[in-house]
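Student: please work out how this folds:
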Amino acid sequence: YPERLRRYEEFCRLALELGVPETSGVLSVKPDKWFLLGDYYRHRKQFVRAAACYLRSWRRESRNKEVLVKAAECCRELGDAARARRYYEKALAINASVAGFGEDPYDAVIRKALESLGPAAKSSSPLVRA
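Tutor: Predicted coordinates:
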């Protein structure tokens, strides 16, 4: 899968250089590959790799709370409640900082996940910090 994404990016770059019109198959701006790779690794239960991909995606799309929630879920799978808590809290802060909008219904799901983590604990997993 990672190799397919690399090949697709190369194909799009070459096609656009040759003047092929941008269509749904040839895109100058592609979906975030790090998010897609995170989903791939998460599906394969490779949670450390998945979380690393989600965090890399978050560096590019820092307003995307779904990326942080998925990273938190990976941390939870790895038994790292402290890091999961930190990512859930960052996801909640994203909406809080957007003026003029009501609360996102997704926030209730995040709060429930936070409550289920129990009291704060120290992080111990090998993930990169966000």
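
Student: only C-alpha atoms for contact and neighbour calcs from this point on.
Tutor: OK.

Student: wait, Lys33 touches Leu5, no?
Tutor: Yes - the pair Lys33 / Leu5 is scored as a contact, 7.1 Å apart, by Cα atoms under 8 Å.

Student: these two: which is more packed in?
Tutor: Lys33 (17 against 14; other Cα atoms under 10 Å).

Student: helices of the chain, start to end?
Tutor: Assigned by DSSP state H, the chain shows helices spanning 2-17, 33-43, 47-60, 65-77, 81-96, 106-117.

Student: quick one: buried residues of the fourth one?
Tutor: It stands for helix 65-77. Lys65, Val67, Leu68, Val69, Lys70, Ala71, Ala72, Glu73, Cys74, Cys75, Arg76, Glu77 (16 or more other Cα atoms under 10 Å).

Student: which one of the residues you listed is nearest Ser57?
Tutor: The shortest approach to Ser57 among the buried residues of helix 65-77 belongs to Val67, at 7.0 Å (Cα to Cα).
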